[in-house]
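[1] For reference, the sequence and a predicted model appear below.
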Amino acid sequence: ETGVTQTPRHLVMGMTNKKSLKCEQHLGHNAMYWYKQSAKKPLELMFVYSLEERVENNSVPSRFSPECPNSSHLFLHLHTLQPEDSALYLCASSQETSAALNEQFFGPGTRLTVL
Amino acid sequence: AQSVAQPEDQVNVAEGNPLTVKCTYSVSGNPYLFWYVQYPNRGLQFLLKYITGDNLVKGSYGFEAEFNKSQTSFHLKKPSALVSDSALYFCAVSRNQGGKLIFGQGTELSVKP
């Protein structure tokens, strides 16, 4: 285990639903990340948090809303999603966001299906 | 702009043979280079990284990678492949700024007995 947990592991939702993905890291790291992984595509960085402050938002649609209440927890709130949002959503953490210390530890992911 | 290319979608190797998974990068300034592996239904796991120093970097599970500045490459290698090495491998690059690892599209490694 990497020390990063994600719940739920699988989620099926309709386009009008509201749901949340949860990530927790037990590593004492200061940075946390959300990625989207779609088949045959590079990982897409969605959000970066450093010490609970959002430091990067990569032009992600507003139907995805992150929340970082403390350095150990990260949420991704979902509402009015589209079928093309179906993907594996990965959470990661690292000691710091500087490149030299940016070895990232990933959770197992949430497999999201939007009907 | 930073970018990473993994030119092979799939690499097939017989067990016991050496393996190479290719990666080339483009970044201004000094690159920080990483390899990650993803097993089925799992998140990515860190294998190794190059920050500075010796061009040959050794990592987990017997993997190593060679940084070649003139060819802007960072190929992943292993002298003798195992069936259990079958997985999806990602190369990533960052430069000295916060938070942003740029990943390649991944290479599926298949090791047959």
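    Cool, the structure landed.

[2] Next, count neighbours for residue 62.
    Assuming you mean chain A. Close neighbours of A:Ser62, defined as other CB atoms under 10 Å in any protein chain shown, add up to 7. Placement of C-beta: from N, CA and C, glycine included.

[3] switch to chain B, that's the one I care about
    By other CB under 10 Å, neighbour count at B:Gly62 equals 13.

[4] Tell me the spatial nearest neighbour of it, not counting adjacent residues.
    Among residues not flanking B:Gly62 along the chain, B:Lys78 sits closest, at 5.5 Å (CB to CB, 6 or more residues apart in numbering or on different chains).

[5] Could I get the contacting residues of the residue of chain B found nearest chain A?
    Closest residue of chain B to chain A, CB to the nearest CB: B:Gly43 (3.3 Å). Going by CB atoms under 8 Å, 6 or more residues apart in numbering or on different chains, B:Gly43 touches A:2, A:4, A:6, A:90, A:92, A:106-109.

[6] Please, which helix or strand holds the nearest residue to A:His77 once chain neighbours are set aside?
    Distance criterion CB to CB, 6+ apart; nearest residue to A:His77, sequence neighbours excluded, is A:Ser65 at 4.3 Å. Using DSSP states H and E, the element containing A:Ser65 is strand A:64-70.

[7] who does the helix or strand that comes right after that strand touch, helix- and strand-wise?
    Once the chain leaves strand A:64-70, the next helix or strand it forms, by DSSP H and E, is strand A:73-79. Contact here means 3 or more CB pairs under 8 Å, 6 or more residues apart in numbering or on different chains; DSSP states H and E; on that basis strand A:73-79 packs against strand A:18-25, strand A:31-37, strand A:44-50, strand A:64-70.
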